[in-house]
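Novice: 3D, please:
(chains A, B and C)
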Amino acid sequence: MLPVIATLGSHSALQILKGARDEGLRNLVIAAGGKDTLYRRYGFVDEVIAIPRYADFESLEDDLVTRGAVMVPHGSFVAYLGEEVNQRMRVGYYGNRAVLRWEGDRDMQRRWLENAGVPVPAEYAAPADVAEWPVLLKTHGAAGGAGYFLAPNRGALERRIEALDGAPHTIQQYVVGVTLYVHYFYSVIHGRLEILSMDRRYETNADGLGRLPLAIQGTLDPKPSYVVVGNAPLVLRESMLETAYEMGERVIAASRELIDARGLWGPFCLETVITPDRRFHVIEISCRIVAGTNLFVDGSPYAALFFDEPMSTGRRIAREVREAAEGGRMGEVVDAA
Amino acid sequence: MLPVIATLGSHSALQILKGARDEGLRNLVIAAGGKDTLYRRYGFVDEVIAIPRYADFESLEDDLVTRGAVMVPHGSFVAYLGEEVNQRMRVGYYGNRAVLRWEGDRDMQRRWLENAGVPVPAEYAAPADVAEWPVLLKTHGAAGGAGYFLAPNRGALERRIEALDGAPHTIQQYVVGVTLYVHYFYSVIHGRLEILSMDRRYETNADGLGRLPLAIQGTLDPKPSYVVVGNAPLVLRESMLETAYEMGERVIAASRELIDARGLWGPFCLETVITPDRRFHVIEISCRIVAGTNLFVDGSPYAALFFDEPMSTGRRIAREVREAAEGGRMGEVVDAA
Amino acid sequence: MLPVIATLGSHSALQILKGARDEGLRNLVIAAGGKDTLYRRYGFVDEVIAIPRYADFESLEDDLVTRGAVMVPHGSFVAYLGEEVNQRMRVGYYGNRAVLRWEGDRDMQRRWLENAGVPVPAEYAAPADVAEWPVLLKTHGAAGGAGYFLAPNRGALERRIEALDGAPHTIQQYVVGVTLYVHYFYSVIHGRLEILSMDRRYETNADGLGRLPLAIQGTLDPKPSYVVVGNAPLVLRESMLETAYEMGERVIAASRELIDARGLWGPFCLETVITPDRRFHVIEISCRIVAGTNLFVDGSPYAALFFDEPMSTGRRIAREVREAAEGGRMGEVVDAA
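Specialist: A predicted model of the protein is given here:
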C-alpha cells in the first residue's frame, strides 16, 4: 500500500499536497483555527481535517498511524506543534528529527555551519564587541523575519536588547550585498544532492524602502523591517553554482559527523548574502522545505535539469517517498519515533 | 458555431489571442495606428485588422456581430475607445459593462471597496486635511501610473494641485510597504473564484532609485515616478492566501449589491500594498485582465493548482467562453448591448 | 550525421547542453581548472572533457573537427580563450565571428548602435566634457559589471581615471530609470527575429542598497558596485514590444552594412534602461547567448508565443543547428575558419 502524504495547513502545504497528487499518492491536510477553508478550494486535496487548535493534533495520531500517513514537515511545524510534539510524533515523519534541535538553536546551527566550512557572518556576544556597524539583532525563534532589528550603533542596540528583557538573541554582522536562497534536495534513494530552485524573499518594508526618494525618507525616517510576505524567483551565475553544490554537500557531511550517522536528508535551504567579491555568506540554514519553493509548483529552470516534467520540491518529496515505498526502503526516508 | 475571440492590439492582446488558439477558438485583433505589425509576427494570430484610428472601430461592428465575435476587453479599451463606445458596443462583450462606471470613477470605486470591507488607504479631501505625509496625488484617468505624484509636504502638494488646473484628482495616503497584485478570475460557469497568478509592477524610475547611493541621490534629487514598463512575478506567503481569496469574494458580493445582480465576473485584480503587520491595503481594483498576467503565458504556480496544463488568464477567459458556448450559456458571460 | 553541440563549461553551458539533448543532438562540454565537476552532476550531459587550462583548448581541435562538433559560444568564450583563438578556431563556430571585433571594442560597438538608430546614452571623451552627473566609468573588457564605477562628480572621476593608469575606458551618462535586457534570436533558417525572453540582472551590491535605510547609508557610505551574480525574470509592457523588435531588426540591418553581408545571427541581447517617458536607452549589446536566459530553461512567456514546447535560447540554438543540418544549410549558421 502506498503511503498517504500528510501535512499541516500553512506555509507550503498546497505544494506538498499537489506534489503527492502528481506522484499518484493520496494526500491529506490538517488545518486548525479555520484554516481549512483554503484547502477546500482545491480539487487535488483528497482530505481536509479541521481541528480547533493545533494542541488537538495528537488526538489524530492513532488514525494517521493506522492509515500509514507520512507527515511532511514545513516551516510552520515547530511554530504550530512545538519541537517536543515534533519529536515524539508517532506518525511517520519525513526527514531526520535529530536535525530539529540543531536547526532550532542558533548557537548549534552556527557550530554546524562552521564545521561545514561554510562562510558565516561575524557574531558578537555583546554590543561592546561589535567591530562594524550596522548589525542585525535576531531574537531566537523569530519566524519569517518578524523579529529582526537593524541596529545602526551601540546605543540603539543596547536599548533594543534591554527591551528584550532577557530573551535569547543573536547579534550578527549585517552583510551588505544581495540575498539569494538556494533550495536543495538530498535524495537518499538516489544518493544525490539536487539544487531544485532559488529565490529571494520579498520583505516588508525592507523591499519598499528603496522606492522612496531621499527627501521622503528623511522626513518619514522609516524603520526597516524584514517581514517575509512573499518570494521572487532568481537564477545564480553559473560559475558560482558548483560552489553552491559544494556548500550543500559539506553541510550534509558535517551533519553526519555532528548530529548522527544518517545526518540531513530531503529538502533544505541555505540562506545567503552575496558580496561584490562573489562570495556567499550563509546567514541561516532551514532543514525542511522553504516557502520560496512555492514559486515553482509548475517547474523551475534548475529542476528541469534533472527532471523532464515540472518538479517542485513538494513533488520531489512525494517522489522520494513513493520510490522508497516501492523499493521497500521507507525506513531510510521516514523517521519513526 | 464557436465564437471568435477578438480584442484590441495592445496591453495583453498576445496572451488573449494565444489563449483563444490554445482553446481551439479562432481569434482576431484590431490594431490602429500601425500597431498591427506586432501581431503579424505571430503565427497563432488568425486575423489582424488594421484601422487608421480607434475612432474607426465602430465601422467594423456589423461585421464583428455577423461573425459572432466576443470582444475581450483589457486595460487599454477605455483609453482607446472611450467609456461610451465600450458601453454601446453591439459586439458581444466579455464581462459586465455596468462595472465600467464603478471602476472608472475613483469615488465610486472607493465606495465599492469600502462596502466590501476591504482595507483601503486613507483619502483626503484637501491638502489641509492630510494627517500623515507623504501622500500620493493621483489624477483621475491616469493610466499605467503615469499621472502619480508623491508629495512630501503641504506646500508641494498645493503647488501640484494648482498646476492641475481643476482636473479631478485624489489625495491618497502613501502606505510604506511592498506592492503585490493579485490576479483573480471569477468563473460564472463553475461558480468559483480562482487566484491565477500574482505580480509586482516594474516602475520607472521608482524601481531604479534604490540602486542609487545616498550621495548621488542627494546631488541628483530625482523625482520619483511610477510609470509601469513591465512586471515581475511573485508568490504570496501561504498563510495570507485565504485572506486574498476572501477579499476577492467580498468584492464580488459587494458588486452584486451595488452594481447589479450579476455583479463582477471574469478576470480582475486587487492592487495591494502589504505592511509589516502582514495586512493588505487595497490601492485600486482593475475589473479586467491586467498586464501583470503577461508573465504567465506559459503557466503560473497558482494556476497549476487548478489546471494541469499551462493556464494564463487569457486562456482562462477563452476556456470560459468555450464552455459557455458549448453549454448554451453565452448570455451568462457575454454582456450584449 | 547530426552535429555534436559543444561548449565551454561556464556561463550558460547547462542550458546549451540541455537544449542539445532536447533536440536530439549529442552534446559535450570542455571544462578547465576543475570546472568539470558541475557538469558531471547532470545526466543530460553526454561527455565532459576536462583540461588543465583553457590554453590547452587547441590540442582538442582536431578531434572536435573530426567529430563534427559545433561550438556554441557564450559570454565566457573571449574571457577564456581570447579573441584570437575564437577567430582562428577550426571547429565549426555557431554565429558570425566577424561580429566579435565589433562587440569587443566599445567605440565600434557604439558606432554600430548609432548606425542602427538605436538610442544610446551620452558618452564623454574626458571628465571636463561631462554635461550631467553622475556618470558610469567602464573599463574596456569589464565583464559581469565588475569594472564599473559610478562617479558623482568631476573630482571623483578624475581620481579614478588616474588610478586606471592609462587603461582604456569609457565615460557614459548614468541614465536614471529601470534596467531591462531583451533576449533576441535571429533565425537564419526561418528568416525571422524572435524575442524569446527578458530579464534584469541581479547585481551586488547595487540591488541591496535600496534595502538600507537612510541613516545606515549615511553611516556606512557604501560604494555601489554592479557585479552580476544572478538574474530575475521580467515582461515588458506590450505597447513597447514592437519598439523592442524594431531595435533588434535595425541592429541586424546595420550589422549587414558595417560588418559583412551575413551580419549578426543567432542569439543576442540589447541591454536597456527605460526612462519615465517610456523610452529605451541601449547601454550595451551582447552578440551571443546571455546568462539571463538561464531563467528560462523550462520555458518563457515570450518563447511560448512561438513554440508549443518549452524553448530556452539554448534549445533554440540547437534546433536551428539541427534544422540547418537536416536541410543541408550548415554553412549558413556555422562560421568555418
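
Novice: nearest residue to whatever residue of the stretch 1-150 of chain A ends up closest to chain B other than its sequence neighbours?
Specialist: Sorted by distance to chain B under C-beta to the nearest C-beta, the residues of the stretch 1-150 of chain A start with A:Leu38, at 4.2 Å. Every residue, glycine included, has its C-beta placed from N, CA and C. Leaving aside its chain neighbours, A:Leu38 sits nearest to B:Glu242 (4.2 Å; criterion: C-beta to C-beta, 6 or more residues apart in numbering or on different chains).

Novice: you'd agree the residue of the stretch 1-150 of chain A closest to chain B is in a helix?
Specialist: Yes. A:Leu38: assigned to a helix according to DSSP: H, G, I helix; E, B strand; the rest coil.

Novice: which residues touch it?
Specialist: A:9, A:14, A:31, B:238, B:241-242, B:245 (C-beta atoms under 8 Å, 6 or more residues apart in numbering or on different chains).

Novice: would you point out which residue of chain A is nearest chain C?
Specialist: Closest residue of chain A to chain C, C-beta to the nearest C-beta: A:Gly210 (2.1 Å).

Novice: ok, that residue touching B:Leu209?
Specialist: Yes. Using C-beta atoms under 8 Å, A:Gly210 is in contact with B:Leu209, at 6.3 Å.

Novice: show me the strands in the stretch 51-200 of chain A, by range?
Specialist: For the stretch 51-200 of chain A, the strands defined by DSSP state E, counting those that start in this stretch occupy A:69-71, A:92-94, A:123-124, A:135-139, A:148-151, A:169-173, A:178-187, A:192-205.

Novice: returning to what we had before: the more surrounded of A:Gly210 and B:Leu209?
Specialist: A direct count of neighbours by other C-beta atoms under 10 Å in any protein chain shown for A:Gly210 and B:Leu209 places B:Leu209 higher, at 26 against 22.

Novice: residues in contact with the more buried one?
Specialist: B:Leu209 makes contact with A:210-213, B:217, B:222, B:224, C:176, C:210, according to C-beta under 8 Å, 6+ apart.

Novice: between which two of those is the distance greatest?
Specialist: A:Leu212 and C:Val176 (15.1 Å; C-beta to C-beta).

Novice: relative to A:Ala206, how far out is A:Pro224?
Specialist: Per C-beta to C-beta, to the nearest Å, A:Pro224 is found 5 Å from A:Ala206.

Novice: shared neighbours of those two, anything?
Specialist: Joint contacts of A:Pro224 and A:Ala206 (C-beta under 8 Å, 6+ apart) are C:Arg211.

Novice: quick one: which of the two has more around it?
Specialist: Per other C-beta under 10 Å, whichever of A:Pro224 and A:Ala206 has more neighbours is A:Ala206, with 26 against 21.

Novice: which one's more surrounded, A:Leu212 and C:Val176?
Specialist: Legend: neighbour count by other C-beta under 10 Å for A:Leu212 and C:Val176, higher for A:Leu212 (26 against 21).

Novice: in which helix or strand would I find that one?
Specialist: Counting by DSSP states H and E, no helix or strand carries A:Leu212.

Novice: who's in contact with it?
Specialist: If you count contacts by C-beta under 8 Å, 6+ apart, A:Leu212 has them with A:220, A:222, B:176, B:209, B:224.

Novice: near chain C at all, stretch A:213-227?
Specialist: Yes. Interface with chain C: stretch A:213-227 contributes A:214, A:217-218, A:221-224 (C-beta under 8 Å from any C-beta of the partner chain).
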